[in-house]
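Participant: quick one, structure for this:
(chains A and B)
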Number of protein chains: 2
Amino acid sequence: MAVYFLSFLVCFALRAEAFALEPRLTWQESEISLTRFQVQDVYNYSTLLLSDDNNVLYIGAREVIFAVNSQNISEKKQEAYWKVTEVKNEECSRKGKSKQTECLNYIRVLQPFNESALFVCGTNAFQPVCDILELNSFKLAGKNEDGRGRCPFDPAQSYTSVMVDGDLYSGTSFTFLGSEPIICRNSQHLSYLRTEYAVPWLNEPRFVHADVIRAPENNPDGDDDKVYFFFTEVSVEYEFFNKLLIPRIARVCKSDQGGLRTLQKKWTTFLKARMICHSPENNLIFNVVNDVFILKLREPVIYGVFTSHLNNVGMSAVCSYSLSTVEDVFTKGKYMQSATVEQAHTKWVQFNGEIPKPRPGACINNEAKAMNYTSSLNLPDKTLQFVKDHPLMDDSVAPIGKRPKLVHQNVTYTQIVVDQVTALDGNTYDVMFISTDKGMLHKAVSHDMDMRIIEEIVLFPDHQAIQTLLLSDKQAKRYIYAGSSTEVVQTPVAFCEKLASCAECILTRDPYCAWHKGKNSCVNILAESNTDRLLIQSLNGDSSHCPASSPILFPPPVTSLVSSMASELHPSLSSMPLEVQSSTDSDVLKLLPPFLSDQGQLVQVHATFHLFCHGTGEYVLNSKTSLLD
Amino acid sequence: MAVYFLSFLVCFALRAEAFALEPRLTWQESEISLTRFQVQDVYNYSTLLLSDDNNVLYIGAREVIFAVNSQNISEKKQEAYWKVTEVKNEECSRKGKSKQTECLNYIRVLQPFNESALFVCGTNAFQPVCDILELNSFKLAGKNEDGRGRCPFDPAQSYTSVMVDGDLYSGTSFTFLGSEPIICRNSQHLSYLRTEYAVPWLNEPRFVHADVIRAPENNPDGDDDKVYFFFTEVSVEYEFFNKLLIPRIARVCKSDQGGLRTLQKKWTTFLKARMICHSPENNLIFNVVNDVFILKLREPVIYGVFTSHLNNVGMSAVCSYSLSTVEDVFTKGKYMQSATVEQAHTKWVQFNGEIPKPRPGACINNEAKAMNYTSSLNLPDKTLQFVKDHPLMDDSVAPIGKRPKLVHQNVTYTQIVVDQVTALDGNTYDVMFISTDKGMLHKAVSHDMDMRIIEEIVLFPDHQAIQTLLLSDKQAKRYIYAGSSTEVVQTPVAFCEKLASCAECILTRDPYCAWHKGKNSCVNILAESNTDRLLIQSLNGDSSHCPASSPILFPPPVTSLVSSMASELHPSLSSMPLEVQSSTDSDVLKLLPPFLSDQGQLVQVHATFHLFCHGTGEYVLNSKTSLLD
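Facilitator: Alright, predicted model coming up:
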């Protein structure tokens, strides 16, 4: 006898593999057409520089520099090829490097030089050179300056640089083998300065970021502008089973001129400290800093993305630091000193002796000036010798809130940029854009002490690692630029217009987005003006102010049933309240939750989550459409 | 218009959520009826002692000791209640401890005393006492000896003990607050000995195991029997962001009598060393030892289960050590010494000075006797002072193979026992039984350098933590006993008879199991004798020697289709070869793979894996049954 079963079963994974802790949207490539820039046979789009004034994005890639329209990066304006000579390429390959890859010219420094020129450096087949790129002609001046100390030899080596008042501050390595790390300043009018080549100063560092913080005008201490460097290095102060990596912040003063005898042509203001990014309650230790972004407010905030090299089964964290905490460590903290134990072992301990005056490593501030020290060149030998021997602070820089803002599993964060947006509630929100080594961009918003990932954008569907991230925040039309080894992609900071319903617009809790009652659409508030009374925004996700929807009472005229195959992941799923709405088209049964907020269930990240919808009778369930529209 | 779909869809997860890296069986409670022992209102079945000679298992629980039949633990033979007095209970609760839980008598020591008595100790409402349990009457002798140093005060504190020639060696804490850790010996005829109360000797230890290793008879060094202790403590030699835990092995010599002046009534042979359990390739560091089992072969092997307290997102490891490596560290290794740096900091470094003779910490062996030292009592002061100050070795004990035998994610291993079985190939296999904190027992077999989990047994379906594990390996009928807070469960070491087909019997690769051609069933080889030519065993999982099955050619008379929802987990699933067999009952279509070995697919651990079987026409698919039978 034939047995007939009347059933239709829809198995689908909720969009974005459901929500991770908080409701979160994932934007796939197909939903948002991102603007891309790519030139055939050009690789390693690793250096980005924005000129917001004239809407240009400069892109340093392998053997070429591009200028593209920053509003639409697919529009190439100019290009300047900068290839290694055949002779250099051969020479490099004879030293055992790859002729096809390593022995080419990787643009590593792209900094504003003056209004009509850029300062550029490239690895140049392991013989780094720097040059001036004239912007009008978009041609290199052909200076071919020695790039050592400003640009790495090896494209695989870490580097960072920042241009301050025409002077290039860089962290890189000084030798062919990459064995001599250096933080130095190359200046037209100030003296060349560098770090001592000594383990206590820099110990196998991997540089990730450098930036300048200007001293407030008329500051009471008469303090100087400071340049901060961020890197991960091998700890000298801790003893572990094996080499222990440690995240550091270091700083130098802009007016430093080195010492006269001691520390001649060396920094007299180089101090460094540990950055702490631990989660104490579960003993998670993030000891590798991958990138830093400084939000330059009146009280600057330093955001860092971290991973761990200890028992790392794929976790990343974001920690933030206030600059005043950093400065307290450098200006008031204890120093560390090394001591030789039993003639053979160097151990680092807190220095408890008398600290010379002026304070070692301090800028030439009012205190120094009051003691008649007007330049680092005439600082007393005691102060200089002390800072030479004690560049490491004993105090650590603790994060804001004493814990990470965000800890995320199964992800490696590579870069971070932070935007600020003033929402309709009058509060200013920090919006973090964090890239992963798998081509994703996470967008997170700080609420009180917590940080929530509200969106996930697939920048590189082929899972390429994102190597560079840049934010253009000057205009209403804000963009993020991300560079990988094969292309640059441009994404707007928000996709408000893609959110079709008021509930969805509110539920994303995106401070950029609000529901426009007049236009009946979700809009970017930065693009609107004087429409406050027409806009609905509720960053706590309360969509009750939305224009009323028309829920239909449960139970519906037909039987509906929701069960969850993965109910062990979250027991509440099997009891998820549902409202069923009869469509005017009587053949279609719509399974529709009353509010999207009801779908904000806690399910595990990356857990696929199934809704099995059994309909009996003559109705066709079309749950996927109804849940997503 | 009504739309009818003729379809039947079966979604099921392959048994055991498929296989984890290697084909693995999970035995659910319903499949194997395990023997259990539980008495109402009795909790904390934490101490187990086996008397294999007379088939008795002694169980120490809260306020009671049981004797049960070790072949069937549900059969209670005797019981002896040992309750705290009302006075003690009150007194304890006045000190701030819980009257209902902590202030009761938890049996913590259950050791053989002589042929007719056990030595037992209990926490006794934070006033530990010891007594003698007469086995004939099963009554306590009422000695009520002070149990300090032999039994913890607090049932939550760690402890371990071993009885050697009538002397109790124990690791526990000596005070009400648990602040004074101690390793001591209580003896009738030897002197009482204990550790110094000093950080270099024991630093917040958590004791997990103690055992004796006998010196070989007539050993050329004239060496002594040694008692080993295993614990996790706070490192003194490493400096980290915070307290760093470290796994240790310590040992004392049985003939130790303490010093005459220096180290009077203290161990003169107490030495300890780090145990290393790292996975170097991915920098996994397992620094907490949870349990140890010593396989007492001619060359003993120490098996330990480890977790990590650094970035621990749920990982465990098994490391094994050869005793000769351990002994090399103690008898030939360098010592550590502490040094004071800058008057304030204690740092530990390798000792490179001259080591006194006889070697500090060594047993009174032939070398010492040749120097006329016949007892620790007449050892020179230099040797004694040295071992008092240098109990920690600088060398570490490295695991066999320099890496863990097994690393497992999303699991916390609590206990381990190891059995040995000689398979039909003549080789002897170590079979590990490892318990988890969620009521599971993993059975793993060492193949070359690797270790494979071949079975998983659900001992406690309610996911109780397994606190104690004991192996009975004396007979052909071998059992594992596991204690939790509410019951004891008994499981055979293998479930050969549950494996219905030859292929399944071979595929589990269980050294206990072989296919009996005569009986046409899977049998435990330990229960068989002289039937070698009738038994098929192939521990590499090659089932080609199995009697031929009768496959039916594909395609079958009806259309069948197999697709995999989770094909991204393992692409080969969608192309899994299937044979379909028509049953005599023409209404039933059986979906049956030709050999179970074809089902041994690599899928991710804990990944649920779906087979969607669509049948059209008048057949009912009953794939679940056919795949599992």
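
Participant: my read is residue A:331 is in a strand, agree?
Facilitator: No - per DSSP: H, G, I helix; E, B strand; the rest coil, residue A:331 lies outside any strand segment and is helix.

Participant: mind listing what it touches?
Facilitator: A:359, A:362 (C-beta atoms under 8 Å, 6 or more residues apart in numbering or on different chains). Yep, even glycine has a C-beta here, placed from its N, CA and C like the rest.

Participant: name the residues of stretch A:265-285 that are buried.
Facilitator: Buried residues in stretch A:265-285, counted by 16 or more other C-beta atoms under 10 Å in any protein chain shown: A:266-279, A:283-285.

Participant: what about that stretch, start to end distance?
Facilitator: Taking C-alpha to C-alpha, to the nearest Å as the measure, stretch A:265-285 stretches 37 Å from start to finish.

Participant: go on, stretch A:187-206?
Facilitator: For stretch A:187-206, the first-to-last residue distance is 24 Å (C-alpha to C-alpha).

Participant: buried ones in that stretch?
Facilitator: By 16+ other C-beta under 10 Å, the buried positions in stretch A:187-206 come out as A:187, A:190, A:193-196, A:200-203, A:205-206.

Participant: again with stretch A:506-518
Facilitator: Buried residues in stretch A:506-518, counted by 16+ other C-beta under 10 Å: A:506-517.

Participant: now stretch A:131-144
Facilitator: Neighbour-count burial for stretch A:131-144 flags A:131-133, A:135, A:140 (criterion: 16+ other C-beta under 10 Å).

Participant: one step back: the buried residues of stretch A:265-285: which ones sit near chain B?
Facilitator: Contacts with chain B within the buried residues of stretch A:265-285, as defined by C-beta under 8 Å from any C-beta of the partner chain: A:276, A:278, A:283-285.

Participant: find the residue at the geometric middle of chain A.
Facilitator: When C-alpha atoms, centre = their mean is applied to chain A, the residue found nearest the centroid is residue A:416 (0.8 Å).

Participant: for the helix or strand hosting that residue, what is the distance to the chain centroid?
Facilitator: Using DSSP states H and E, residue A:416 sits within strand A:413-422. How far strand A:413-422 lies from its chain's middle: 6 Å, per C-alpha atoms, centre = their mean, to the nearest Å.

Participant: go on, stretch A:194-213?
Facilitator: Centroid separation between stretch A:194-213 and its chain, computed with C-alpha atoms, centre = their mean, is 20 Å.

Participant: okay, now the domains of chain A?
Facilitator: The record assigns chain A these domain ranges, following automatic domain parsing: A:9-17+A:551-628, A:411-488, A:498-545.

Participant: what is the end-to-end distance of the last one?
Facilitator: It refers to domain A:498-545. Start-to-end span of domain A:498-545 (C-alpha to C-alpha) is 20 Å.

Participant: picking that back up, the buried residues of stretch A:506-518 in strands, which ones?
Facilitator: The strands, defined by DSSP state E, take in A:513-516 from the buried residues of stretch A:506-518.

Participant: just the buried residues of the strand holding residue A:416, please?
Facilitator: By neighbour count on 16+ other C-beta under 10 Å, the buried set for strand A:413-422 is A:413-419, A:421.

Participant: stretch A:434-453: end-to-end distance?
Facilitator: End-to-end distance for stretch A:434-453, by C-alpha to C-alpha: 10 Å.

Participant: pull the contacting residues for the closest residue to residue A:187 other than its chain neighbours.
Facilitator: Of all residues not flanking residue A:187 in the chain, residue A:167 sits nearest, at 3.9 Å (C-beta to C-beta, 6 or more residues apart in numbering or on different chains). Shown in contact with residue A:167 (C-beta under 8 Å, 6+ apart): A:185-190.

Participant: make it 7 Å
Facilitator: Going by C-beta atoms under 7 Å, 6 or more residues apart in numbering or on different chains, residue A:167 touches A:185-187, A:190.

Participant: in strands only, show me the ones next to chain B among the buried residues of stretch A:265-285.
Facilitator: Among these, the ones falling in strands (DSSP E) are A:278, A:284-285.
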